[in-house]
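Undergrad: Here is the input, now give the coordinates:
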Amino acid sequence: MSGTGTSPPAAEVAVVTGSDSGIGRATAVRLAAAGMDVGITWHSDEAGAGRTAQEVRDLGRRAAVTRMDLTRLPEAADAVDELADALGGRIDVLVNDAGTGTATPFLELGLDEVRRVLDVDLTGPLLCGQRAARRMVDQGDGGRIVNVTSVHEHQPRVGAAPYCAAKGGLGLLTQVMALELAEHGITVNAVAPGEIATPMTGQEDADVRTRHRPGVPLGRPGDAREVAAVIAFLAGPDASYVTGASWSVDGGMLRMGPMAGSHLSGDEWRRP
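TA: Model (predicted):
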């Protein structure tokens with residue numbers, strides 16, 4: 001773990017899991033621009049986490065970095081407490097962004113693969129949410145938790161059974177958390193991205209304006225910074241009366257269900 005720099009004592013602290021690249025990195029930088037110190041986690045890309053930390057520090061905020069492997073539960077959730085301690089002992093915002101997926105047909109799924117996806121995408125965020133919420137309750141001044149789900153929180157995808165199960169579960173977990181934590185002034189919301197130009201979709205640093213997506217009303221993939229902007233809103237003071245909601249950031253993709261059903265010309269969609 002590492003941390004450098006100084007910040008005013010009153011700075012808010014955010015922990016963003018999976019912030020070595022993609023949506024997580026964009027979110028960490030956006031929250032730093034809003035005046036927060038940021039805890040950063042990585043799984044396989046330590047150098048990427050270092051670049052995120054440098055961007056945070058370039059904005060005049062403190063950054064702390066640690067590895068988190070959500071297949072190693074429950075100890076992986078220790079990272080939330082470690083990062084909060086490294087940044088002064090409190091946490092105001094948790095963004096559960098770390099995730100993984102699969103493209104395996106249902107009949108070919110093995111139990112180990114299913115457990116891996118469920119641990120990373122559902123059980124891990126639950127345990128990290130507990131760690132953050134307990135600190136927020138003890139602090140006594142509320143907090144924000146944002147769970148990054150997917151459009152597949154709401155609609156299925158062929159070849160993604162454990163991913164859809166985990167993201168759907170995380171969506172309902174978000175609602176239960178919102179109900180139970182509201183009395184403590186803690187809001188809990190989900191953000192459900194569609195196709196976003198990130199390493200997970202093989203489009204890291206792509207110019208989304210050059211990628212045509214006829215099945216998406218806005219006609220292109222999303223940029224990670226567009227998702228980060230919604231997360232930052234939910235993590236900020238202007239969203240103080242917003243809780244238990246799922247915010248789709250998908251260029252209108254979810255609105256295309258019936259349209260896709262009537263306009264597809266082949267059975268290609270049946271294969272991952």
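Undergrad: wait, doesn't Arg213 sit right on Ala197?
TA: No - here Arg213 lies out of contact with Ala197, judged by CB atoms under 8 Å, at a distance of 10.9 Å. Every C-beta, even on glycine, is put in place using the N, C-alpha and C of the backbone.
Undergrad: Between the two, which contacts overlap?
TA: Shared contacts of Arg213 and Ala197 (CB atoms under 8 Å, 6 or more residues apart in numbering): Pro221.
Undergrad: So between the two, which is more surrounded?
TA: Ala197 (22 against 16; other CB atoms under 10 Å).
Undergrad: give me the beta-bridge partners of that one?
TA: Per DSSP bridges, the residues bridged to Ala197 are Asp223.
Undergrad: pLDDT score for it?
TA: Looking at Ala197, its pLDDT stands at 84.
Undergrad: Just to check, it is in contact with Pro221?
TA: Yes - counting by CB under 8 Å, Ala197 touches Pro221, with 5.0 Å between them.
Undergrad: what ranges do the helices span in the stretch 151-272 of the chain?
TA: Per DSSP state H, counting those that start in this stretch, the stretch 151-272 of the chain carries helices over the ranges 161-181, 224-235, 257-263.
Undergrad: just these: most buried one?
TA: Using mean count of other CB atoms under 10 Å, the stretch among the helices of the stretch 151-272 of the chain with the largest mean neighbour count is helix 224-235, at a mean of 22.
Undergrad: next one: that helix to chain centre, how far?
TA: The chain centre lies 10 Å from the centre of helix 224-235; the measure is CA atoms, centre = their mean, to the nearest Å.
Undergrad: what's it packed up against?
TA: helix 22-33, strand 93-96, strand 143-148, strand 186-193, strand 196-197, strand 246-249 (3 or more CB pairs under 8 Å, 6 or more residues apart in numbering; DSSP states H and E).
Undergrad: Single out the most deeply packed of those.
TA: Per residue and on average, the most neighbours among these fall to strand 93-96, with a mean of 30 (mean count of other CB under 10 Å).
Undergrad: ok so, going back, closest to Ala232 out of the helices and strands packed on helix 224-235?
TA: Of all these, helix 22-33 sits nearest to Ala232, with 4.5 Å by CB to CB.
Undergrad: who's in contact with the next helix-or-strand element following that closest one?
TA: Downstream of helix 22-33, the first helix or strand assigned by DSSP states H and E is strand 37-42. With CB under 8 Å, 6+ apart as the test, strand 37-42 has contacts from 7, 11-20, 28, 31-32, 48-49, 52-53, 56, 61-68, 79-80, 83-84, 86-88, 91, 98.
Undergrad: Selection in PyMOL covering whichever of those are buried, please.
TA: Entered in PyMOL, the line below selects the buried ones among the contacts of strand 37-42, by 16 or more other CB atoms under 10 Å:
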select buried, resi 7+11+12+13+14+15+16+17+18+19+20+28+31+32+48+49+52+53+56+61+62+63+64+65+66+68+79+80+83+84+86+87+91+98
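Undergrad: Narrow the contacts of strand 37-42 to those in strands?
TA: Judged by DSSP state E, those include Val13, Ala14, Val15, Val16, Ala63, Ala64, Val65, Thr66, Arg67 as members of strands.
Undergrad: JSON lines for those, including distance to Ala182 and pLDDT?
TA: As requested, the ones in strands among the contacts of strand 37-42 are exported to JSON lines (distance: CB to CB, whole Å; pLDDT from 0 to 100):
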{"residue": "Val13", "distance to Ala182": "21", "pLDDT": "98"}
{"residue": "Ala14", "distance to Ala182": "20", "pLDDT": "98"}
{"residue": "Val15", "distance to Ala182": "21", "pLDDT": "98"}
{"residue": "Val16", "distance to Ala182": "23", "pLDDT": "98"}
{"residue": "Ala63", "distance to Ala182": "31", "pLDDT": "98"}
{"residue": "Ala64", "distance to Ala182": "29", "pLDDT": "98"}
{"residue": "Val65", "distance to Ala182": "32", "pLDDT": "98"}
{"residue": "Thr66", "distance to Ala182": "30", "pLDDT": "98"}
{"residue": "Arg67", "distance to Ala182": "33", "pLDDT": "98"}
